[in-house]
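Enquirer: What follows is a predicted protein model with its sequence.
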Amino acid sequence: MEAKAFWPVYDKCRQSLDASHGKANRAMTDYVSAGDKMTDANAKRLVGEVLAGEAAEASARKACFDRVAKVLPGKKAARYFQIETKIAALFRFDAAVAVPLVD
């Protein structure tokens, strides 16, 4: 019974989270592509885009948790949130390792 209600909510959450990740990922790709040609103005713009993507992700995560909490008991909803948070942390770590610091 829970699964039938959960999976459509999960699918909608994945779509909204993937969209917010896309914003930050595009900015990171632009950053890496700039390489040695990075200007101060471009660096500020890209950081702003990354921050906007992270803010969109936080908003999407809150909305997702609210939707999941309506279809799952509290502890299961909390576990879902913990798992999603851990997965997001792994992706952030991978990005942090891969993207060089600005020179």
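Expert: Great, that's in hand. Residues are numbered from 1 along each chain as shown.
Enquirer: my guess is Cys13 meets Ala69, correct?
Expert: No - here Cys13 does not reach Ala69: they are 11.7 Å apart, not a contact under CB atoms under 8 Å. Using the backbone N, CA and C atoms, a C-beta is placed for each residue, glycine as well.
Enquirer: Looking at these two, which one has more neighbours?
Expert: More neighbours surround Cys13 than the other of Cys13 and Ala69, with 19 against 16 (other CB atoms under 10 Å).
Enquirer: which SSE is that one in?
Expert: helix 2-34 (DSSP states H and E).
Enquirer: what distance separates whatever helix or strand comes next after that helix from the centre of its chain?
Expert: The first helix or strand that comes after helix 2-34 along the chain, using DSSP H and E, is helix 40-71. Taking the mean of its C-alpha atoms, helix 40-71 sits 6 Å from the chain's own mean (CA atoms, centre = their mean, to the nearest Å).
Enquirer: Tell me which other helices or strands helix 40-71 touches.
Expert: For helix 40-71, the elements it packs on are helix 2-34, helix 74-98, judged by 3 or more CB pairs under 8 Å, 6 or more residues apart in numbering; DSSP states H and E.
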